[in-house]
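Undergrad: Provided below for reference: sequence and predicted model.
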Amino acid sequence: MEHFDVAIIGLGPAGSTLARKLSGKMRVIALDKKRQSGSEGFTKPCGGLLAPDAQRSFIRDGITLPVDVIANPQIFSVKTVDVAASLTRNYQRSYININRHAFDLWLKSLIPDDVQVYHDSLCQKIWREDDKWHVTFRANGEEHQITARYLVGADGANSLVRRHLYPQHQIRKYVAIQQWFPENHPVPFYSCIFDNDITDCYSWSISKDGFFIFGGAYPMKDGQTRFETLKTRMKAFRFQFGTPVKSEKCTVLFPSRWGDFICGEENAFLIGEAAGFISASSLEGISYALDSAELLNRVLILGVENKNKAYRLATRKLRIKLYSKIIKSRMLTSAVSRKWIMKSGIAHISLVNSENNPQKAEKIIKRVI
């Protein structure tokens, strides 16, 4: 059996970033479900928006996005819809519209050749023995077994590593469902939708490269039915659907307490969504994936003896920030507080439409002047 310093399970944004940063410093093996080319293999339902915090991570690393990762159009506002209250508000946002699958493949392509990467592979079993982590996986039609000093779970919501380390740990989960439609809206837009009858989380839409993507996070039991019901309701808000081009589905975590953020033990570590590092208020996880990977990179290359303790301390600010997102989520998913916020008009940007409402357009222009 080959022995490695670090074995990384999963090469989403968190795993790919850690593998890249550890290159040349430690002997690393990384396993991933995705193939490295084409649209086949594992893909994740995601609106595909790069938040400002994620952008800052790339700035720190001196990395720029290639053109084939960026999607069109670039949208500078989010249309927030409260279905029950029949309220719509527009808030400025500084996201970058990306092709999520292409983005993940690009991050993998940045991993230097000295990292041993297995694409289109499946981790089957992990266990600890003789102060080493043992990993059995299947790749290239064969079964392989390796050992590693450190094990890293970057394997998302259904993390095998998290389940092994914390078999009794329970965290709130939803099924994320989204469908792609040909874009028929006259003006592309990005939206955030709240309907407490459908889900106590939220739904979204995004225009991307000639397609209209509609999705959301719903209770596991009857998520598909709720998704279809919401599609029907959104027609009253001029959402246009047709025959879906493709449908996607996966599990998404929804942290709701401090204990939902778990970092690992016994020389095993969790990063990204596997650690519960995902925003409860927006389900944005890329920025936390990048940040947690950077923090673990620093810990692994340090000469500290108890690296698990060091990693917990290093992620404390990140976990506090994520806990604040839980509080924010409770305000946004509460029908009463959400209605009050939206009715107040705070930070709302009114749309100027001089053809349909010249009086309103004139008032807005005078206010700006």
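TA: Received the coordinates, thanks.
Undergrad: wouldn't residue 223 be in contact with residue 173 here?
TA: No - counting by CB atoms under 8 Å, residue 223 stays clear of residue 173, with 10.6 Å between them. Quick note: C-beta positions are derived from backbone N, CA and C, even for glycine.
Undergrad: neighbour count winner among the two?
TA: A direct count of neighbours by other CB atoms under 10 Å for residue 223 and residue 173 places residue 223 higher, at 19 against 15.
Undergrad: For that one, which residues are in contact?
TA: By CB atoms under 8 Å, 6 or more residues apart in numbering, residue 223 lies in contact with 174-175, 177.
Undergrad: Repeat the analysis, applying 7 Å as the threshold.
TA: For residue 223, the contacting residues are 175, 177, by CB atoms under 7 Å, 6 or more residues apart in numbering.
Undergrad: how close does it get to residue 171?
TA: Remark: distance between residue 223 and residue 171 (CB to CB, to the nearest Å) = 17 Å.
Undergrad: same deal with residue 266?
TA: Distance of residue 266 to residue 171, computed by CB to CB: 20 Å.
Undergrad: Look at these two and report which has more neighbours.
TA: Taking other CB under 10 Å, residue 266 and residue 171 do not tie; residue 171 has more neighbours (17 against 12).
Undergrad: what's the distance between the nearest residue to that one once chain neighbours are set aside and residue 203?
TA: What sits nearest to residue 171 in space, not counting adjacent residues and going by CB to CB, 6 or more residues apart in numbering, is residue 260, at 4.9 Å. The spacing between residue 260 and residue 203, counted by CB to CB, is 22 Å.
Undergrad: same check, this time on residue 330
TA: Relative to residue 203, and taking CB to CB, residue 330 is found at 18 Å.
Undergrad: cool, residue 213 as well?
TA: The gap separating residue 213 from residue 203 is 11 Å, by CB to CB.
Undergrad: repeat for residue 233
TA: Distance of residue 233 to residue 203, computed by CB to CB: 10 Å.
Undergrad: out of those two, which sits in the more crowded spot?
TA: Taking other CB under 10 Å, residue 233 and residue 203 do not tie; residue 203 has more neighbours (26 against 16).
Undergrad: can you pull out the strands in the stretch 51-200 of the chain?
TA: Counting by DSSP state E, counting those that start in this stretch, the stretch 51-200 of the chain has strands at residues 77-82, 87-92, 96-97, 116-118, 122-129, 132-139, 142-153, 173-182, 190-194.
Undergrad: Can you tell me which of those is most buried?
TA: strand 190-194 (a mean of 22; mean count of other CB atoms under 10 Å).
Undergrad: just the CA coordinates of it, formatted as PDB?
TA: C-alpha atoms of strand 190-194 as PDB (Å, rounded to 0.1, in the frame of the first residue of the first chain):
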ATOM      1  CA  TYR A 190     -31.800  36.600 -10.500                       C
ATOM      2  CA  SER A 191     -34.300  36.000  -7.700                       C
ATOM      3  CA  CYS A 192     -34.700  34.800  -4.100                       C
ATOM      4  CA  ILE A 193     -38.100  33.500  -3.300                       C
ATOM      5  CA  PHE A 194     -39.800  32.900   0.100                       C
END
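Undergrad: That one - what's its average pLDDT?
TA: Averaging pLDDT along strand 190-194 gives 96.
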